[in-house]
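Trainee: Sequence isn't available, so here's the structure alone:
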């Protein structure tokens, strides 16, 4: 009798809480109460995740062809599954997907963590979640928390403009700034020569420069548009990734292996100051610069490069080549060599294919070449780490000012690196997401050997705010850490196990003394 009474009370509470759900999920309540069953199946949960938890994702998810044996494009769940495959929540395998089966609560909350950045799992509830399936009350709780977060953000927007000042003195100092600005425009002798917008943008730039963080910067409208385009730009004819880190400063992110840029010995962090006779100035945008560099294959372009406060010219022959993010081959009939050039949006699938070939082979010595890899997408790195790290173990943590977000290992079919002799090649242009994969693999597999010199030390996370006038503000919002040892190496570097300095003259003649060290000594 007590159990029945308790169940009635619980269902009444669910009925009240269901007001937080939208119409898509209103039918769940009735169905569950009628069946006296609070557990949900995959079909309902995946629909909930795809429609309720996922923010806007690129329309390209619609082009994914699902491989599941029992799903075709007429299936009502097809688009939801496409979305989950797109964000790597579900592996797109040629198997039967049983949507009527129940879903483990621990696995579900891992997905929720991944899609919402709320960490619902604690050491206290972990074992409980592993022992049960997802319940309707879980969805109610998630909706309550998301609703509270949305309300909090809306309240933050409507706060007084001066709410960030903690003391009256801070407010009075800011009033001085405003008075100076107004006085310049009203009483300054040459006030007619002043441009209000330039004064404001210059003040903002001064604020960002004061942080002494090279990854934090403000972009006026024209530079903001160019910066956004540069995030995914590739030079078609010299094959080097670039970034406009600060307005009007065009930097090489990474020359790709075998590219004209690498053959010309361009380095990461080189600054391009002139293209032939075209000088890059404060009015030059990345679009203009790119248009000067791009030209038909086999033609030449002369770049003036600023490196370590020294300026020199280099002539590059443009080429038309196609390079993958991941390449693999057999070396000396005993090493399985994998090169990762960039952690771009397809690197996980390409790397997984390389590991598939490794598993089919009999080779037990593996070289992973991360030299000149500037990183990029942390999500791609954590997906790759999931191929090695035990399931549900942590792979990396992003620490924000007031909270942490943890990445977990999701996938099955692991490769145990204790069974392999692994060498990772790095150099001072190995950075960011590349450093995450190195540190985390060393956390779990200390038998791995790091070869050559210290890495670049870029372990910060940036985000971008966009404003109504088209300007944008890129700023550091968090730091990345490896999980197990909580390693953070910003400006400290990952040190090698064996230091082998590149012999430049030999490399120009096709001899890689760093790679040869591994081949000849192991």
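Mentor: Yep, it's here. It should be emphasised that the depicted structure is a prediction, and the values quoted were computed from it without experimental measurement. Numbering: from 1, shown residues only.
Trainee: Determine the number of other residues adjacent to residue 122.
Mentor: 9 (other Cβ atoms under 10 Å). Every residue, glycine included, has its C-beta placed from N, CA and C.
Trainee: just residue 407 next, same as before
Mentor: Using other Cβ under 10 Å, residue 407 has 25 neighbouring residues.
Trainee: cool, and the one 3 residues further on?
Mentor: By the criterion of other Cβ under 10 Å, residue 410 has 22 neighbours.
Trainee: in what helix or strand does residue 206 lie?
Mentor: helix 196-210 (DSSP states H and E).
Trainee: Equivalent analysis for residue 108, please.
Mentor: helix 105-116.
Trainee: which residues are in contact with that helix?
Mentor: Here helix 105-116 makes contact (Cβ atoms under 8 Å, 6 or more residues apart in numbering) with 45, 49, 53-54, 87, 89, 118-121, 126, 129-130, 132-135, 138, 142, 146, 392, 405-408, 410.
Trainee: Could you give the bridge partners of residue 474?
Mentor: Counting by DSSP bridges, residue 474 forms beta bridges with residue 217, residue 464.
Trainee: And for residue 432, nearest residue in space, chain neighbours not counted?
Mentor: Spatial nearest neighbour of residue 432, excluding adjacent residues (Cβ to Cβ, 6 or more residues apart in numbering): residue 375 at 2.9 Å.
Trainee: Run a quick neighbour tally on residue 516.
Mentor: Look at residue 516: counted by other Cβ under 10 Å, it has 15 neighbours.
Trainee: from now on call the first residue 7
Mentor: Noted, 7 is the first residue going forward, which turns the last one into residue 522.
Trainee: which SS class is it?
Mentor: helix (DSSP: H, G, I helix; E, B strand; the rest coil).
Trainee: And it, how far from residue 373?
Mentor: Separation of residue 522 from residue 373 (Cβ to Cβ, to the nearest Å): 11 Å.
Trainee: for residue 187, same thing?
Mentor: Residue 187 sits 59 Å away from residue 373, going by Cβ to Cβ.
Trainee: can you check residue 461 too?
Mentor: For residue 461, the distance to residue 373 equals 17 Å [Cβ to Cβ].
Trainee: more neighbours, those two?
Mentor: Set residue 461 next to residue 373 and count neighbours by other Cβ under 10 Å: residue 461 wins out with 28 against 22.
Trainee: I'd say that one and residue 437 touch.
Mentor: Yes - under the criterion of Cβ atoms under 8 Å, residue 461 makes contact with residue 437 at 6.5 Å.
Trainee: Check which helices and strands the top helix by length along the chain sits against.
Mentor: Scanning the chain for the longest helix, with DSSP state H as the assignment, gives helix 142-163. Counting contacts by 3 or more Cβ pairs under 8 Å, 6 or more residues apart in numbering; DSSP states H and E, helix 142-163 packs against helix 8-23, helix 29-41, helix 111-122.
Trainee: quick check: angle from it to helix 111-122?
Mentor: If you take axes from the mean of the first three to the mean of the last three Cα atoms, to 10 degrees, helix 142-163 sits at 20 degrees to helix 111-122.
Trainee: Now helix 142-163: buried residues?
Mentor: For helix 142-163, the neighbour count (16 or more other Cβ atoms under 10 Å) marks 142, 144, 145, 146, 148, 149 as buried.
Trainee: Export the residues you listed as a markdown table, with columns for distance to residue 345 and pLDDT.
Mentor: Below are the buried residues of helix 142-163 laid out as a markdown table (distance: Cβ to Cβ, whole Å; pLDDT from 0 to 100):
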| residue | distance to residue 345 | pLDDT |
| --- | --- | --- |
| 142 | 48 | 87 |
| 144 | 43 | 87 |
| 145 | 44 | 89 |
| 146 | 48 | 86 |
| 148 | 41 | 88 |
| 149 | 45 | 85 |
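Trainee: Now residue 49: which helix or strand?
Mentor: Assessed by DSSP H and E, residue 49 sits inside helix 48-54.
Trainee: Who are the packing partners of that helix?
Mentor: With contacts taken as 3+ Cβ pairs under 8 Å, 6+ apart, helix 48-54 sits against helix 29-41, helix 84-92.
Trainee: Where does the record place the domain boundaries for the protein?
Mentor: Domain segmentation of the chain under automatic domain parsing yields 8-161, 239-323, 332-527.
Trainee: out of those, which comes closest to residue 191?
Mentor: Evaluated with Cβ to Cβ, these place domain 332-527 nearest to residue 191, the distance being 18.8 Å.
Trainee: Drop anything exposed from the contacts of helix 111-122.
Mentor: The buried subset of the contacts of helix 111-122 (16+ other Cβ under 10 Å) comprises 51, 55, 59-60, 93, 95, 124-127, 135, 139-141, 144, 148, 411-414, 416.
Trainee: Leaving out sequence neighbours, find the closest residue to the residue nearest to the spatial centre of the chain.
Mentor: Residue closest to the average C-alpha location in the chain (Cα atoms, centre = their mean): residue 383, at 2.9 Å. Among residues not flanking residue 383 along the chain, residue 349 sits closest, at 5.3 Å (Cβ to Cβ, 6+ apart).
Trainee: Now do the one you found: how many residues are near it, please.
Mentor: Using other Cβ under 10 Å, residue 349 has 27 other residues around it.
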